[in-house]
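Undergrad: I'd like to go over a predicted model; first the sequence, then the structure.
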Amino acid sequence: MEKVFTGIRKMISSGREGESFDIRGWIYRTRSSGSIVFAVMRDATGIVQCTVKKSEVSSEDFEQAARALIETSVECAGRLKADARAPGGYELIVTSFRVVSFAEPFPITENQSEPFLLDNRHLWIRSREQTAIMKIKETVLGGAREWFAENGFCEVTPPILTTNACEGGTTLFPLKYFDQNAYLSQSAQMYLEALTFSLEKVFAVTPSFRAEKSRTPRHLTEYWHLEGEEAWVNNEGNMLIQEELVSHIIGSVLRKRKEELALLKRDAEGLRTVEPPFERITYERALSLLSERGMNIKWGDDFGTEEEKVLTLEAVKPVFVTNFPKEIKAFYMKEDKSDSRTYSCADLIAPEGFGEVIGGSERETDVRKMISRMEEQSIPLEPYRWYLDLRKYGSVPHSGFGLGVERLVKWVCKLDHIRDAVPFPRTPSRIYP
RNA sequence: GGCUCCGUAGUCCAACGGGCAAGAUAUCUGGCUGUUAACCAGAUGAUGACCGUUCGAAUCGGUCCGGAGCCGCCA
């Protein structure tokens, strides 16, 4: 008969003292003392101390347990026993200890530098912290998909290989596409716009690439982009969607990932207040708030890290900043009806200094306005011919936004650096492992 | 793109107004029947590369390579 293995968490929460269990996993910590070996075992669900006594197992099993280093993979059997001395309150008194594969000395030990850990990222991701972050990220993505599904959005699959040199061609990764020049996508927005003309409300989760040499705690060269696009929705409706979506995601994490948040020492109190509506302030109002606080910033300047930090100093929820001056935003945005110096757009800034998480706007529908802006900024029309076409065949008001998944995870987990929000971070100086 | 800093055992670090490269941890050996990232004793193991200054360079200077932090750009 096939052996049935029990997950460690399930075994412990069963509380069935005296019962025999088979578990399998990896050695997380090990200590030995002559004729007793304590091997703390880890699997995908939890950890438990396995106590291997010389008197309880065969001499061969004992010798293997004594020899096994951290990260050795093991299948073992034993009786569950409550013991205050064991971490977690329970231990397994081992009756059989079978090594699946011995581990060489594990390079990751107590005192480690960031560069070394990043060089060994393929091993570092086994840590409990990294595992907790990945579980939370899974819930962020799952929560988003759940909300989109409940609200009539259709998930679509835009291309990653493109020829559009979006705004600022210098930030794209170029590649050879047979005999043509192509790029890795920086945003699926334009393709999503094309899809709204049939599906009306769409979203996509795709990798996005930025070839900027940005060395900051909130930039990756490859990141996951969650983008939504909605027909018949103006900028205000766009913000309603964003605040509901973000609140739903946070709610899912608070509901399903209490243990992981606790393991990361993330105080969840601030997250609990995240419910619609989020505060909305115009760029102009933000300018005067900043100058009241002694910051020297004038119309047409974009907000930097420091400005975003100051703007959300007292906020507990994310804040929308609307109506940015046209000169600092993209050509495809729609001019604001009440303030023609600005676009109908909004950036969502996370509190506690975590910075911009979403950029969104209502899109321009007037093809002539769009073309004249492109000419002013010397953006070539030819690559965008198909995009301009969208305005010629029954254009409708529409809006959309892009959310940086890792930026959201960074805020939710209160991480120091965005690279921990992704298992294998790509930054200007790292593409290995 | 701009500014700043750092490369010493597998790893984390000390020594740097030039003179025997110290410690911690990991690993190995021995000891220990209840450890809590166990403890005790011993062992193995290192100055990023090249050039220069000097009687003598981890230490001073130059070039290169690698990495980190801050700002800009953004999600």
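TA: Received, thanks.
Undergrad: show me what from the stretch 251-400 of chain A comes close to RNA strand B.
TA: Contact residues, the stretch 251-400 of chain A versus RNA strand B (CB under 7 Å from any atom of the strand): A:302, A:304-306, A:308, A:328, A:347, A:355-359. To be clear about C-beta, it is placed using only N, CA and C from the backbone, and glycine gets the same treatment.
Undergrad: make sure A:Phe197 is indeed in a helix.
TA: Yes - when DSSP: H, G, I helix; E, B strand; the rest coil is applied, A:Phe197 is found to be in a helix.
Undergrad: what about it, distance to RNA strand B?
TA: Applying CB to the nearest atom of the strand, to the nearest Å, the value for A:Phe197 to RNA strand B is 22 Å.
Undergrad: in contact with that residue, which residues?
TA: The contact partners of A:Phe197, by CB atoms under 8 Å, 6 or more residues apart in numbering, come to A:231, A:390, A:393-394, A:396.
Undergrad: among those residues, which two are most distant?
TA: A:Ala231 and A:Tyr393 (13.2 Å; CB to CB).
Undergrad: who's more crowded, those two?
TA: Higher neighbour count among A:Ala231 and A:Tyr393: A:Ala231, with 19 against 7, using other CB atoms under 10 Å.
Undergrad: surely that one touches A:Thr196?
TA: Yes - checked against CB atoms under 8 Å, the pair A:Ala231 and A:Thr196 is within contact range at 4.3 Å.
Undergrad: list residues touching both of the two?
TA: Common neighbours of A:Ala231 and A:Thr196, counting by CB under 8 Å, 6+ apart, are A:His398.
Undergrad: if we can go back for a sec, quick check, nearest of the contacts of A:Phe197 to RNA strand B?
TA: A:Leu390 (19.2 Å; CB to the nearest atom of the strand).
Undergrad: burial count for that closest one?
TA: Counted with other CB under 10 Å, A:Leu390 comes out at 19.
Undergrad: show me the contacts for it.
TA: Contacts of A:Leu390 (CB under 8 Å, 6+ apart): A:193-194, A:197.
Undergrad: double-check that A:Glu227 belongs to a helix.
TA: No - with three-state DSSP as the criterion, A:Glu227 is assigned strand and is not in a helix.
Undergrad: what are the structural domain limits within chain A?
TA: Chain A is divided into the following domains under automatic domain parsing: A:8-101, A:119-421.
Undergrad: model confidence over the first one, on average?
TA: What domain A:8-101 shows for mean pLDDT is 93.
Undergrad: what of stretch A:357-366?
TA: The model assigns stretch A:357-366 a mean pLDDT of 96.
Undergrad: okay, now the closest residue to A:Ser395 other than its chain neighbours: neighbour count?
TA: Nearest non-adjacent residue to A:Ser395, counting by CB to CB, 6 or more residues apart in numbering: A:Thr365, 4.5 Å away. Under the neighbour criterion other CB under 10 Å, A:Thr365 is assigned a count of 14.
Undergrad: A:Thr365 and A:Tyr332 touch, don't they?
TA: No - the criterion here is CB under 8 Å, and A:Thr365 misses it with A:Tyr332 at 10.1 Å.
Undergrad: any idea what the closest residue to A:Lys329 other than its chain neighbours is bridged to?
TA: Excluding the flanking residues, the one nearest A:Lys329 by CB to CB, 6+ apart is A:Tyr343, at 5.3 Å. Under DSSP bridges, the beta-bridge partners of A:Tyr343 are A:Glu335.
Undergrad: close enough to count as contact, A:Tyr343 and A:Phe324?
TA: Yes - in this structure, A:Tyr343 is within contact of A:Phe324 by CB under 8 Å, at 6.2 Å.
Undergrad: now A:Gln189: how far from A:Ala103?
TA: For A:Gln189, the distance to A:Ala103 (CB to CB, to the nearest Å) stands at 46 Å.
Undergrad: before we move on, what about A:Gly353?
TA: 40 Å.
Undergrad: how about A:Ser252?
TA: When distance is defined by CB to CB, A:Ser252 is 36 Å away from A:Ala103.
Undergrad: who's more crowded, those two?
TA: Using other CB under 10 Å, the more surrounded residue of A:Ser252 and A:Ala103 is A:Ser252, with 19 against 15.
Undergrad: what's near enough to touch A:Leu240?
TA: So A:Leu240 contacts A:Pro276 (CB under 8 Å, 6+ apart).
Undergrad: rerun at 7 Å
TA: By CB atoms under 7 Å, 6 or more residues apart in numbering, no residues touch A:Leu240.
Undergrad: likewise A:Gly46?
TA: Contacts of A:Gly46 by CB under 7 Å, 6+ apart are A:8-9, A:12.
Undergrad: so which of the residues you listed are in helices?
TA: Using DSSP state H, the subset of the contacts of A:Gly46 located in helices is A:8-9, A:12.
Undergrad: can you redo those residues as JSON lines, where the extra columns are distance to A:Glu63?
TA: Formatted as JSON lines, those follow (distance: CB to CB, whole Å):
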{"residue": "A:Ile8", "distance to A:Glu63": "24"}
{"residue": "A:Arg9", "distance to A:Glu63": "30"}
{"residue": "A:Ile12", "distance to A:Glu63": "28"}
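Undergrad: which of those has the most neighbours?
TA: Top of these by neighbour count (other CB under 10 Å): A:Ile8, with 24 neighbours.
Undergrad: from A:Pro158, how far out is that one?
TA: 40 Å.
Undergrad: ok, so of the ones in helices among the contacts of A:Gly46, who is nearest RNA strand B?
TA: A:Ile12 (14.3 Å).
Undergrad: surely that closest one touches A:Pro87?
TA: No - between A:Ile12 and A:Pro87 there is no contact under CB atoms under 7 Å: 10.8 Å.
Undergrad: what is the nearest of the ones in helices among the contacts of A:Gly46 to A:Thr45?
TA: Among the ones in helices among the contacts of A:Gly46, and counting by CB to CB, the member closest to A:Thr45 is A:Arg9, at 3.7 Å.
Undergrad: what helix or strand is A:Phe148 on?
TA: Assigned by DSSP states H and E, A:Phe148 falls within helix A:128-150.
Undergrad: and the next element down the chain from that helix?
TA: strand A:154-155.
Undergrad: whatever residue of the stretch 201-350 of chain A ends up closest to RNA strand B: neighbour count?
TA: Residue nearest to RNA strand B within the stretch 201-350 of chain A (CB to the nearest atom of the strand): A:Gly304, separated by 1.9 Å. Neighbours of A:Gly304 under the rule other CB under 10 Å: 11.
Undergrad: right, I'll call it a day here.
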